[in-house]
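Enquirer: For reference, the sequence and a predicted model appear below.
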Amino acid sequence: MTMTGHEPLTAYQRADGRWGVRNHVLVLPLHGAANAAAERIAVGLPGAVSVRHDWERLPGDPDTDRVERILVGFAAHPNVGATVLVGLDDTDRQLAEQAAATGQRVEFLSLAEHGGTNRAVDAGRRVAEAFAAEAARAKRVPAPLSAIVLGLECGGSDAMSGITANPALGIASDLLVEAGGTSILAEISELLGAEHLLARRAVTPEVAADIIEVVARFERAVARFGVDLRGSQPAPGNIEGGLTTIEEKSLGAAKKGGSGPISGVLELAQAPGSPGLFIMDTPGQDIEQMVGMVAAGVNVVAFTTGRGTPTGSPIAPCLKISTNTAVARACPDLIDVNAGAILDGECSLAEMGHRVFGALVAAAGGALTRSEVRGNREFAFARIDPNWCSAGRSVS
Amino acid sequence: MIVDGDHHAGVRGFARSSTTSGVRNHVFVLPVVVCSTLLSREIAAATGAVSMTHQHGCGHIGDDVEHTERTYAGLAQNPNVAATLVMSLGCETLQGPRVARRIAAAGHRVELVGIQSSGGADAAREQGTAVCRSLVDEVAAEGTPVDLSTLVIGVHLGRRSALVEELAARLRGLGARLLLAGSDPAVSALRDRLEPGQSRDEVEFGATTDRAVAAVEPNESGARSQLALAVSGAVLVIAAPDTGQAPSGLPVVPVVAVGSADGLHRAIRDDFDLDETVDVDDAMRFVLEVCAGRTTASEQRGAEDVMIPRLRRTM
């Protein structure tokens, strides 16, 4: 055991210098039409994972750059030892080239070059089997704590979130950043009302201005819709859990980011580029947020919840931390760590912070989280203008 | 197919009312949020029901909430669905009980299982599987002959297609009602042929219509056009995707995909059921076989994903 009470970390070092905490073979469709092919290539193959998504790659789609950044971020992710990319046709090959440019082991195939799904599955399966055999031979090596790029998330928050799980995770995040690691706070819709407090922790006046602006631009976008944000925030489950306002939810949500300095503001799926604590512009919707952070290189996700949720990342461990003991008891298979123990008087907030940190390091070192065991691999794109292709309905 | 002396035509189907029939008798496991999609698929696979993959149900705002609810309810109320199991997480924006009540209020058989209220994923899987199995038993039925005039056939034209236009005209001639989707000028051309001089108002998203020929709002996306047909009650979709777009499937509605004879569609010919070179009599026979239960290319490859058209960015 080390000074902070965790086991020494081991991980996989990648060609570009980043560290992976898993060694998946990812079978990634580059087009929604390739979902079925990708799933059939990966199914039943140990270590192989696939996802399904709704990207149609229509000409002129205003979200093309965002979506492609996410796809390449996943394809080249350090938690992935090798990637099979399944495109519709040769147009998709450039994404494989971008992923390969990072040093990632990539094989591209398209439905068009194989006559359709069935024969593409046969060809892709042979590649995936070879990749999986290689991946099984890879060995973890000792890694510094700075190898961890942590994504901070909350979903199904309740009145305890800002008192137990979120501040405990904040302590863990501070410990990681002090040790040279990276941590990303996100969900702009759930930082609304807390931005002035976060801006005070910015490392420069420019970063402070960026923090204020990233929240303000979200508010402007909502105002353009001419609708009330309160239809969505707090969500029905938050209200049932005792949260009353957006600001109350935000002040609790922001505590996941601890108390240390904030080094910068990132766009969705943008890699931080240096260690430290960052804020990323993502929605609050659990899956769109998680995908945006993981695409940026987050290799471990910490997810606090007051209501319980099964979701996970296709390629990253996702540690679920409950805010209250009742949910940990009611839904035991959804929770990895129960921060409700603070309210039960079993431990202090500081002790829980170290416990969460230890659990994150253990997950990074290979201990499977519950969502990984269950096979939850949700995936979704956070789009700006999802309805652009309907007649007269573009709302950007 | 059964054709009597008065040229009324029938197929094997499942009558839902005196004017409406389906060509499938599915139990539909409907995940109201992305968080319950994995469980929904597992439950469907274990019980012989059908489900779908999507990425939505939370963080919607304004009119997008109603739009998404309408999508779910429209699929559950499709005449191909005999009963629906709504799978909810619990804390999501699109609340499971509300969706279930809406489906029930329309006179459809529906049950609800929640992950948080069941006590986690394992408990919800167990409970959902039991509920779904009893729904499957409850609605099990052999098809009976139904009149083609009780069927709404969806026609998606992402491009002009001589074969699909001819199939549409023949089906209309046999009495089937047609709901059109896609882009102009293909849709307008077919309406001109089927109903010269008729009005051109559109069926609202999720609404149904008694008209013999009607159209939904134009959309450049083939997948979204087909979804609009399914949520407005089309029980079979004949699709001619744009030459640059791949064919897509639907969860409760079989899609007969017709490719163009060259380009991308020729390169992925295995993923289409028919192409423009197929003889129209053979194509008509294929469509009627699909009505009678034959599976299509999209069903065979497992393309039951749904492109839910969010109206607005996610919160």
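Expert: The structure has been received and is ready for your questions. Numbering: from 1, shown residues only, chains lettered A, B, ... in the order given.
Enquirer: what does the stretch 101-250 of chain B put close to chain A?
Expert: Proximity of the stretch 101-250 of chain B to chain A (Cβ under 8 Å from any Cβ of the partner chain) is limited to residues B:115-116, B:119-123, B:217-224, B:244-248. The C-beta positions use only the backbone N, C-alpha and C, and glycine is treated the same way.
Enquirer: For the stretch 251-396 of chain A, what lies in contact range of chain B?
Expert: Of all the residues in the stretch 251-396 of chain A, those lying near chain B are A:283-288, A:307-311, A:327, A:330-334, A:374-387, A:389-391, A:393, A:395, going by Cβ under 8 Å from any Cβ.
Enquirer: rewinding a little: cross the residues of the stretch 101-250 of chain B next to chain A against strands and list the overlap.
Expert: Assigned to strands by DSSP state E, none of these qualify.
Enquirer: State the distance from A:Ser390 to A:Asp54.
Expert: 15 Å (Cβ to Cβ, to the nearest Å).
Enquirer: Same check on A:Asp90?
Expert: Taking Cβ to Cβ, one finds A:Asp90 at 22 Å from A:Asp54.
Enquirer: Then A:Glu288?
Expert: A:Glu288 is 12 Å from A:Asp54, by Cβ to Cβ.
Enquirer: Kindly point out which residues are neighbours of both of those two.
Expert: A:Phe381, B:Gln55 (Cβ atoms under 8 Å, 6 or more residues apart in numbering or on different chains).
Enquirer: which one of these two has more residues nearby?
Expert: Per other Cβ atoms under 10 Å in any protein chain shown, whichever of A:Glu288 and A:Asp54 has more neighbours is A:Glu288, with 29 against 26.
Enquirer: give me phi/psi at B:Met87?
Expert: Dihedral pair for B:Met87: phi -110, psi 120, per degrees, to the nearest 10.
Enquirer: if you go through the chain in chain order, where are the strands?
Expert: No chain specified, so I'll use chain A. With DSSP E as the criterion, chain A has strands spanning A:10-13, A:19-20, A:24-29, A:48-50, A:80-87, A:105-110, A:141-142, A:149-154, A:182-185, A:262-266, A:276-280, A:300-305, A:318-322, A:337-338.
Enquirer: hmm, I had chain B in mind actually
Expert: Under DSSP E, chain B gives strands at B:2-3, B:9-15, B:21-22, B:26-31, B:81-88, B:110-114, B:144-147, B:152-157, B:177-182, B:202-203, B:213-216, B:236-240, B:255-259, B:274-275.
Enquirer: Averaged pLDDT, the longest one. What do you get?
Expert: It stands for strand B:81-88. The average pLDDT within strand B:81-88 is 98.
Enquirer: Check the last one too.
Expert: For strand B:274-275, the mean per-residue pLDDT is 98.
Enquirer: got it, and the third one?
Expert: Strand B:21-22 shows an average pLDDT of 98 in the prediction.
Enquirer: So which of the residues of the stretch 101-250 of chain B next to chain A sit within helices?
Expert: The helices, defined by DSSP state H, take in B:Ile115, B:Gln116, B:Ala121, B:Asp122, B:Ala123, B:Gly222, B:Ala223, B:Arg224 from those.
Enquirer: mind putting those residues in a markdown table, pLDDT and neighbour count included?
Expert: Shown next, in a markdown table, are those (pLDDT from 0 to 100; neighbours: other Cβ atoms under 10 Å in any protein chain shown):
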| residue | pLDDT | neighbour count |
| --- | --- | --- |
| B:Ile115 | 98 | 30 |
| B:Gln116 | 97 | 26 |
| B:Ala121 | 97 | 26 |
| B:Asp122 | 97 | 17 |
| B:Ala123 | 98 | 17 |
| B:Gly222 | 94 | 30 |
| B:Ala223 | 94 | 29 |
| B:Arg224 | 94 | 24 |
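Enquirer: burial of B:Gly107, as a residue count?
Expert: 9.
Enquirer: Look up how far chain A lies from it.
Expert: 26 Å (Cβ to the nearest Cβ, to the nearest Å).
Enquirer: Setting aside sequence neighbours, what's the nearest residue to the residue in chain A sticking out farthest from the centre?
Expert: Seen from the C-alpha centroid of chain A, the residue lying at the greatest distance (Cα atoms, centre = their mean) is A:Gly115, 34.7 Å away. Among residues not flanking A:Gly115 along the chain, B:Asp270 sits closest, at 5.0 Å (Cβ to Cβ, 6 or more residues apart in numbering or on different chains).
Enquirer: Check A:Thr244 too.
Expert: A:Pro234 (7.6 Å).
Enquirer: ditto for A:Ala254
Expert: Closest residue in space to A:Ala254, ignoring its immediate chain neighbours: A:Ala194 at 4.1 Å, by Cβ to Cβ, 6+ apart.
Enquirer: Can you tell me how far A:Arg119 is from chain B?
Expert: 7 Å.
Enquirer: so A:Ala42 touches A:Val51, yeah?
Expert: No. Assessed by Cβ atoms under 8 Å, A:Ala42 is found out of contact with A:Val51, at 9.2 Å.
Enquirer: who's more crowded, these two?
Expert: Neighbours were counted for A:Ala42 and for A:Val51 using other Cβ under 10 Å; A:Ala42 has more, 26 against 23.
Enquirer: Might you report the residue contacts of that one?
Expert: With Cβ under 8 Å, 6+ apart, A:Ala42 has these contacts: A:Val25, A:Val27, A:Ala48, A:Val49, A:Ser50, A:Ala128.
Enquirer: what two of the residues you listed are the furthest from one another?
Expert: A:Val49 and A:Ala128 (10.3 Å; Cβ to Cβ).
Enquirer: Same drill for those two, tell me which one is more crowded.
Expert: Using other Cβ under 10 Å, the more surrounded residue of A:Val49 and A:Ala128 is A:Ala128, with 27 against 22.
Enquirer: how far away is that one from chain B?
Expert: Taking Cβ to the nearest Cβ, one finds A:Ala128 at 17 Å from chain B.
Enquirer: close enough to count as contact, that residue and A:Leu45?
Expert: Yes. Using Cβ under 8 Å, A:Ala128 makes contact with A:Leu45 at a distance of 5.7 Å.
Enquirer: burial count for the residue in the stretch 151-300 of chain A that chain B sits nearest to?
Expert: Closest to chain B within the stretch 151-300 of chain A is A:Gly237: 2.1 Å, counting by Cβ to the nearest Cβ. A:Gly237 has 25 neighbours, counted by other Cβ under 10 Å.
Enquirer: Could you find the closest non-adjacent residue to it?
Expert: Counting by Cβ to Cβ, 6+ apart, the residue nearest A:Gly237 is B:Cys91, at 2.1 Å.
Enquirer: Measure how far stretch B:81-97 is from the centre of its chain, please.
Expert: 18 Å (Cα atoms, centre = their mean, to the nearest Å).
Enquirer: For it, could you pull out the residues that count as buried?
Expert: B:81-96 (16 or more other Cβ atoms under 10 Å in any protein chain shown).
Enquirer: between these, which is closest to A:Ile321?
Expert: Distance to A:Ile321 across the buried residues of stretch B:81-97 (Cβ to Cβ) is lowest for B:Cys91, with 15.8 Å.
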